[in-house]
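1. Sequence plus predicted model, see below.
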Amino acid sequence: MTMHIDNDILAEVMALTGASSKTQAVEIALRDLARRQKLKRVLSAGLGLKPDELQALFDGHPTDSSPTEALMVAEAPAKHGTAPAS
């Protein structure tokens, strides 16, 4: 597959992420974009928390009734620096 990607932004992504190849930099950037969109979708749907429960989660002191799992996005951990699974 051939892609035309701006060399300056690609170099910036490689420097910021420590990617050792252009392919790895693109994969990291795409995974991060997908993760952000999943998180945005979850947060847009609402967490079902009252304002004080939400504040407690961000303060690091969840209440007994705070569903902390609602803040988690199910995704496989990123495998930066490894070859894609075949």
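-> Received, thanks. Treat the numbers as computed from the prediction; the structure is a model and nothing was measured.

2. In this protein, what helix or strand scores lowest on average pLDDT?
-> helix 51-59 (a mean of 73; mean pLDDT, DSSP states H and E).

3. Can you give me the buried ones in that helix?
-> 53, 56-57 (16 or more other C-beta atoms under 10 Å). All C-beta atoms are positioned from the backbone trio N, CA, C, and that covers glycine.

4. Identify, from the residues you listed, the entry nearest to Thr17.
-> Within the buried residues of helix 51-59, the smallest distance to Thr17 is 28.4 Å, found for Leu57 (C-beta to C-beta).

5. Look up how far Pro51 lies from that closest one.
-> Remark: distance between Leu57 and Pro51 (C-beta to C-beta, to the nearest Å) = 11 Å.

6. Please apply the same query to Met3.
-> Taken as C-beta to C-beta, the span from Met3 to Pro51 is 45 Å.

7. try Asp8
-> Asp8 sits 43 Å away from Pro51, going by C-beta to C-beta.

8. Leu43 too?
-> Distance of Leu43 to Pro51, computed by C-beta to C-beta: 15 Å.

9. Could you do Ala29 as well?
-> For Ala29, the distance to Pro51 equals 35 Å [C-beta to C-beta].

10. picking up where we left off before, which other helices and strands contact the least confident helix or strand of the chain?
-> Applying 3 or more C-beta pairs under 8 Å, 6 or more residues apart in numbering; DSSP states H and E, one finds that helix 51-59 contacts no other helix or strand.
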